[in-house]
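# Here's a sequence, model it:
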Amino acid sequence: MKKNIYDLIVVGGGAAGIIASIVAARDGKRVLLLEKLSKIASKLKATGGGRCNLTNTLKNEDFMAKFGRDGRFMQDALKEFDNKALVAFFSEIGVETHAPDGFRVFPTSHSSATIISALEKEMNSFGVEILCGQKVNRLLTIGTHISGVKSNNAIYHAPSVIIATGGLGYPVLGAEGDGYALANELGHSVTELSPAMMPLKTKESWVAECRADTIAKVELRVDLKKHKKLRANGDLIFTKSGIRGPVVLDFAREVTPLLSKYSEVPLLLNLTKGLNEEQITKRLKDEAMKNPTHNVVQLASALLPSALSLELCKLADLELDATLSKASPKSRAKLIQLLAWTPLTVIGHDGFKMAMITRGGVKLKEIDPKSMQSKIVSGLYFCGEVMNLDGPCGGYNLQWSFASGYLAGKRR
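Reported below is the predicted structural model:
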């Protein structure tokens, strides 16, 4: 067997690259996986805080809808390897899973180490050659066909190459956007790249006083004329410098691109589980009837945590020890408005160093969804986050990585 000649080279040792290498090796192909870090699966190890939320229980149609207008690009990959197939695959290699909340699927161990160990064992069983410390600097071609790769210290040949390098999020785990540059050099277009799934910083400083509580069932809206349709629902946490929590992590993928166009992005937050001004007014009056000596902060605390109620009462210019009947009509009306829709202004974020996901990537129109093969260079395939497709929290992005990696490994 000639040295450095393979049937398939996989660039990137994350979830997508690992599953692609396993599928191809099971099919009898000689597979080389190149990883620039000292070990594979570094980002997979950190997924879900180390608990590894593999996928979720949504049906394929609902799953794709969560990715927006480009979600249907996943249709063929999910037909081949959806959540049920993923669960069956892990069961086959000795990892049992469950969905304790009926939605998110985890290994029963709730440890990413279980997942990584099983995947490594499967790769070894089928002879996948893994070389770490190998940064791929160039893709090699003969005409319009891929012929191999050049790394920092060697050249490797193969008629098929899969790019599974991930995005720009968490550079400490090796993310540098290598795949974007490699694709671009061969004529592929890469969209604007923005950090996603991350906390957001706000102009308002009062949020720092409200860090003790998680606010459930919050609705967020972008308050910009051209972007009024952007909204999300979920749990929110105030931080020292802004907001985080599941709803913010999801919504950040919509907000961060706007910050590149506007210096500020105004938001409106309904913190009262969907109550409108009329309903809030009734609730406050009912509370005042039951507790006539309670001040406005105490009354508002029937709807929200006391620290948050205090800050909103301050914003409404209320006398904090006043009862509802003694409060000025103007300040009372302002409090009701704030309880219905609290304004916040996003002014920044911590960039890719805190981003779990990258929004943007290699343009989907240049990739065949039935195989993940490039439409520009034959034998070149893409999978996972390097493509312009990202979803919310809850196992969406990892399922997509596994599904696209599976399809690329099977079709190569």
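# residues making contact with the helix-or-strand element of the chain with minimal mean pLDDT?
Ranking every helix and strand in the chain by mean pLDDT, DSSP states H and E puts helix 42-46 at the bottom, with a mean of 88. Contacts of helix 42-46 from elsewhere in the structure, counted by CB atoms under 8 Å, 6 or more residues apart in numbering, are 14-15, 18, 52, 112-113, 115-116, 166, 170, 173-175, 398. To be clear about C-beta, it is placed using only N, CA and C from the backbone, and glycine gets the same treatment.
# Now, of these, which are buried?
14-15, 18, 52, 112, 115-116, 166, 170, 174-175, 398 (16 or more other CB atoms under 10 Å).
# Quickly run through the sheet partners of the next helix or strand after the least confident helix or strand of the chain, with directions.
With elements assigned by DSSP states H and E, the helix or strand that comes after helix 42-46 is strand 55-56. Sheet pairing here is set by DSSP bridges, and for strand 55-56 it gives strand 104-107 (antiparallel).
# tell me which residues in the least confident helix or strand of the chain are buried?
Residues of helix 42-46 classed as buried by neighbour count (16+ other CB under 10 Å): 42-45.
# tell me which of the residues you listed is nearest to D223?
Using CB to CB, K43 is the member of the buried residues of helix 42-46 that lies nearest D223, at 34.0 Å.
# For the closest residue in space to Q399 that isn't next to it in sequence, give me its contacts.
Closest residue to Q399 apart from its sequence neighbours, by CB to CB, 6 or more residues apart in numbering: T55 at 4.0 Å. T55 makes contact with 83, 86-87, 105, 395, 398-399, 402 under the criterion CB under 8 Å, 6+ apart.
# Phi, psi for L33 please.
The phi/psi pair for L33 (degrees, to the nearest 10) reads phi -110, psi 130.
# what's it in contact with, if anything?
By CB under 8 Å, 6+ apart, the residues touching L33 are 9-10, 13, 17-18, 21, 40, 123, 128-131.
# give me the beta-bridge partners of it?
Checking L33 by DSSP bridges, which sets the bridge assignment, gives partners V10, I130.
# Need the per-residue pLDDT for it.
Looking at L33, its pLDDT stands at 98.
# how is this structure carved up into domains?
Split into domains by automatic domain parsing, the chain comes to 8-193+359-411, 199-349.
# Just the C-alpha atoms of the least confident helix or strand of the chain, please, in PDB.
Only the C-alpha atoms of helix 42-46 are listed here, as PDB (Å, rounded to 0.1, in the frame of the first residue of the first chain):
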ATOM      1  CA  SER A  42     -12.500  19.000  21.800                       C
ATOM      2  CA  LYS A  43     -15.600  21.000  21.000                       C
ATOM      3  CA  LEU A  44     -17.800  17.900  21.300                       C
ATOM      4  CA  LYS A  45     -16.400  17.400  24.800                       C
ATOM      5  CA  ALA A  46     -17.700  20.900  25.800                       C
END
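# what about it, distance to the chain center?
The chain centroid and the centroid of helix 42-46 are separated by 14 Å, computed with CA atoms, centre = their mean, to the nearest Å.
# same check, this time on stretch 248-267
Average the C-alpha atoms of stretch 248-267, do the same for its chain, and the two points are 15 Å apart (CA atoms, centre = their mean).
# just the strands in the stretch 1-150 of the chain please.
Ranges of strands within the stretch 1-150 of the chain are 8-11, 31-35, 55-56, 97-98, 104-107, 129-132, 136-142, 145-151, based on DSSP state E, counting those that start in this stretch.
# Which pLDDT value does the model give the residue lying closest to I376 once chain neighbours are set aside?
The shortest distance from I376 to any residue that is not its chain neighbour, by CB to CB, 6+ apart, is 4.9 Å, and that residue is G187. pLDDT, G187: 98.
# For T144, see how far away G187 is.
Relative to T144, G187 is positioned 9 Å away (CB to CB, to the nearest Å).
# any common contacting residues for these two?
Common contacts of G187 and T144 (CB under 8 Å, 6+ apart): 376-377.
# Longest helix in the chain, please.
When the chain is scanned for its longest helix (criterion: DSSP state H), the result is helix 396-411.
# Output the contacting helices and strands for that helix.
On a contact count with 3 or more CB pairs under 8 Å, 6 or more residues apart in numbering; DSSP states H and E, helix 396-411 meets helix 15-26, strand 55-56, helix 75-80, helix 83-92, strand 161-163, strand 380-382.
# ranking those by burial, who's on top?
A comparison of the helices and strands packed on helix 396-411 by mean neighbour count, using mean count of other CB atoms under 10 Å, puts strand 161-163 on top with a mean of 32.
# Could you tell me which strands it is paired with, and in which direction each runs?
According to DSSP bridges, strand 161-163 forms sheet pairs with strand 8-11 (parallel), strand 380-382 (parallel).
# possible to save those as a markdown table with mean pLDDT?
Shown next, in a markdown table, are these (pLDDT from 0 to 100):
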| stretch | mean pLDDT |
| --- | --- |
| strand 8-11 | 98 |
| strand 380-382 | 98 |
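# Nearest to T97, out of those?
Nearest to T97 among the strands paired with strand 161-163 is strand 8-11 (24.4 Å), distances taken as CB to CB.
# Just give me how far the closest one sits from the chain centre.
Taking the mean of its C-alpha atoms, strand 8-11 sits 25 Å from the chain's own mean (CA atoms, centre = their mean).
# Please point out which parts of that strand sit buried.
Of the residues in strand 8-11, those buried by neighbour count under the rule 16+ other CB under 10 Å are 8-11.
# cool, stretch 372-389 as well?
In stretch 372-389, residues buried by neighbour count (16+ other CB under 10 Å) are 372-374, 377, 379-389.
# Tabulate the strands paired with strand 161-163 (CSV), appending distance to D317.
Formatted as CSV, the entries for the strands paired with strand 161-163 read as follows, by distance: least, CB to CB, whole Å:
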stretch, distance to D317
strand 8-11, 59
strand 380-382, 55
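# Looking at these, which is nearest to N295?
Comparison of the strands paired with strand 161-163 against N295 by CB to CB identifies strand 380-382 as nearest, at 60.0 Å.
# For the closest one, which outside residues touch it?
The set of residues external to strand 380-382 that reach it, using CB under 8 Å, 6+ apart, is 20, 139, 146, 160-164, 179, 183, 186, 362, 367, 371-374, 404, 408, 411-412.
# can we see that at 6 Å?
146, 161-163, 362, 367, 372-374, 408, 412 (CB atoms under 6 Å, 6 or more residues apart in numbering).
# Sounds good, over and out.
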